[in-house]
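Chemist: Quick one, what's the 3D model for this:
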Amino acid sequence: MKKYAMVFDAGTGAGRCNLFDMSGRLVSYAYREWEYLKDLSSSNKEAMLFDAEQFKKILFSLCRKVITQAGISADEIVAVSATSQREGMVWLDRCRTEIKTEKPGEKTLCKATKKRKSVDDAGRF
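Modeler: Below is the predicted model of the structure:
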């Protein structure tokens, strides 16, 4: 069985999913734009809201597309990583337990042990 790493990117204007083999070669790639909603309750005319459910559906569909394009089994994916616009994300483990939370302006990392450690701008503890 071959092994692969999957990387999600939740960017400002789109979601991306990339699949790499263990030598770092890009095997498959999928991309889809998403839209934001105007935050009418904000006094800031530029304020936007994102639809977490819509973004999740897009990222899951990109994941399925990448797996199908590559012709592999999901069991062959041994690592998953993500990058994001850092506007606010919650990561859950298989038991739906929060393992990482990031909110705008907050630089903290919440491990599965629930110990909170401060993280500086360079990502160091």
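Chemist: Over to the residue nearest the centre of the chain. Which of the three states is it?
Modeler: Closest to where the C-alpha atoms of the chain average out (Cα atoms, centre = their mean) is Ala82, at 4.4 Å. Applying DSSP: H, G, I helix; E, B strand; the rest coil to Ala82 yields a three-state assignment of strand.
Chemist: So it is in contact with Ala10, correct?
Modeler: Yes: under the criterion of Cβ atoms under 8 Å, Ala82 makes contact with Ala10 at 6.9 Å. From N, CA and C alone the C-beta is placed, and that goes for glycine too.
Chemist: ok, so what distance separates the residue nearest to the centre of the chain from Gln69?
Modeler: Distance of Ala82 to Gln69, given as Cβ to Cβ, to the nearest Å: 19 Å.
Chemist: How about Ala5?
Modeler: When Cβ to Cβ is applied, the distance between Ala5 and Gln69 equals 16 Å.
Chemist: And Lys2, by the same measure?
Modeler: Computed with Cβ to Cβ, the distance linking Lys2 and Gln69 is 15 Å.
Chemist: Could you do Lys45 as well?
Modeler: Using Cβ to Cβ, which is the criterion applied here, Lys45 is 40 Å from Gln69.
Chemist: So for those two, which residue has more residues nearby?
Modeler: Between Lys45 and Gln69, counting by other Cβ atoms under 10 Å, Gln69 is the more crowded of the two (13 against 7).
Chemist: Report the secondary structure state of the closest residue to Leu62 other than its chain neighbours.
Modeler: The shortest distance from Leu62 to any residue that is not its chain neighbour, by Cβ to Cβ, 6 or more residues apart in numbering, is 3.8 Å, and that residue is Cys17. Assigned state for Cys17: strand (three-state reduction, three-state DSSP).
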